[in-house]
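> Build the 3D model from these lines:
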Amino acid sequence: QLRLVESGGGLVQPGGSLRLSCAASGFTLDYYAISWFRQAPGKGREGVSCIRSSGESTNYADSVKGRFTISRDNAKNTVYLQMNSLKPEDTAVYYCAARVASCSGYMGTYTYWGQGTQVTVSS
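Here you go, the predicted model:
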């Protein structure tokens, strides 16, 4: 079965950190760009960060620049999202998604999606 599985979400206080993981099952991530999207309660899904298949290019939403870092370990078939200095407005369900080679902000172009992991930032 071809799928992505997110993990690492949870409850954290403002200013804290979490690291999300996106692991592929049934296929290799080597040729895929991976994006993280998030959806807060009552809001639409938005792009957070993306890393190209080569790992040489990354991009971030303005709201997370300087706080989040995306990386990949193809040997482990996993992509990570390190989230530091978390804010209450980062509370959302975080999803990873895969598409061949390059990043895109168009969700409809992604082939594989994970089921999501909840991140809650609250004191």
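
> can you pull up the bridge partners for the nearest residue to Leu18 once chain neighbours are set aside?
Setting aside the residues directly before and after it, Leu18 is nearest to Met83 in space (C-beta to C-beta, 6 or more residues apart in numbering), at 5.0 Å. Every residue, glycine included, has its C-beta placed from N, CA and C. Applying DSSP bridges to Met83 gives these bridge partners: Leu18, Phe68.

> Just confirm Met83 contacts Thr91, I think it does.
No - assessed by C-beta atoms under 8 Å, Met83 is found out of contact with Thr91, at 11.4 Å.

> Give me the common contacts of those two.
Common contacts of Met83 and Thr91 (C-beta atoms under 8 Å, 6 or more residues apart in numbering): Val119.

> Comparing those two, which residue is more hemmed in?
Met83 (27 against 17; other C-beta atoms under 10 Å).

> Let me know the pLDDT of the more buried one.
Looking at Met83, its pLDDT reads 98.

> cool, and Ile34?
We note a pLDDT of 97 for Ile34 in this prediction.

> Figure out how far the helix or strand containing it is from the centre of its chain.
Using DSSP states H and E, Ile34 maps to strand 32-39. Put simply, strand 32-39 sits 5 Å off its chain's centre (C-alpha atoms, centre = their mean, to the nearest Å).

> just checking, what packs against the following helix or strand past that strand?
In the C-terminal direction, the helix or strand that comes right after strand 32-39 (DSSP H and E) is strand 45-51. In this structure, strand 45-51 makes packing contacts with strand 32-39, strand 58-60, strand 68-73, strand 78-83, judged by 3 or more C-beta pairs under 8 Å, 6 or more residues apart in numbering; DSSP states H and E.

> so which of those strands comes closest to Arg99?
strand 32-39 (5.6 Å; C-beta to C-beta).

> Nice, that's everything, thank you.
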